[in-house]
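A.B. asks: turn this into a model:
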Amino acid sequence: MIYFENPKDKSLNFTIENHSLSTNFHWEILADKDSVTQGNSVITNGAKKTIPVSSDGITNKKITVIITSDGNTKEIYKSL
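C.D. replies: Numbers count the residues shown, from 1 in each chain. Next up is the predicted model:
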C-alpha cells in the first residue's frame, strides 16, 4: 500500500506499507511527465517506511509517484 503522508498539503512525502513477501522497492517521482527524483528502499514484510521528498521548485504540476517491486507497479497522484 502506498499513500501520501498528507494528501492535502504541498508535501510530497509518501509512505510504503509492505504487505507482500518482497522487500526491495524502487520509487520514482514525476512532475507532469518529467522525472524529479528516484530511489530504492528495503522494507521488510509488515513494516512501513515514509520517504521524505522535497517539493522545492515544483508548482502547478501533476505529481505521480511510481512504486515498483518484483514486477508489480503501483501509482499515486497529487496536484501541486
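A.B. asks: list the contacts of stretch 37-57.
C.D. replies: 5, 10-21, 23-29, 80 (C-beta atoms under 8 Å, 6 or more residues apart in numbering). Any C-beta I mention is one placed from the backbone N, CA and C, and that applies to glycine too.
A.B. asks: one more time with 10 Å
C.D. replies: 1-5, 9-31, 36, 61, 63, 65-69, 78, 80 (C-beta atoms under 10 Å, 6 or more residues apart in numbering).
A.B. asks: tell me the contacts of the residue nearest to Met1 when sequence neighbours are not counted?
C.D. replies: Computed as C-beta to C-beta, 6 or more residues apart in numbering, the closest residue to Met1 that is not its neighbour in sequence is Glu17, at 4.3 Å. Neighbouring residues of Glu17 by C-beta under 10 Å, 6+ apart: 1-3, 43, 46-49.
A.B. asks: check those residues for burial and list the buried ones.
C.D. replies: Neighbour-count burial (16 or more other C-beta atoms under 10 Å) applied to these gives 2, 43.
A.B. asks: quick check: the farthest pair among the contacts of Glu17?
C.D. replies: Tyr3 and Gly46 (16.7 Å; C-beta to C-beta).
A.B. asks: hang on, the earlier thing: just the pLDDT at the residue nearest to Met1, thanks.
C.D. replies: For Glu17, the pLDDT comes out at 97.
A.B. asks: quick check: phi and psi on it?
C.D. replies: phi -110, psi 120 (degrees, to the nearest 10).
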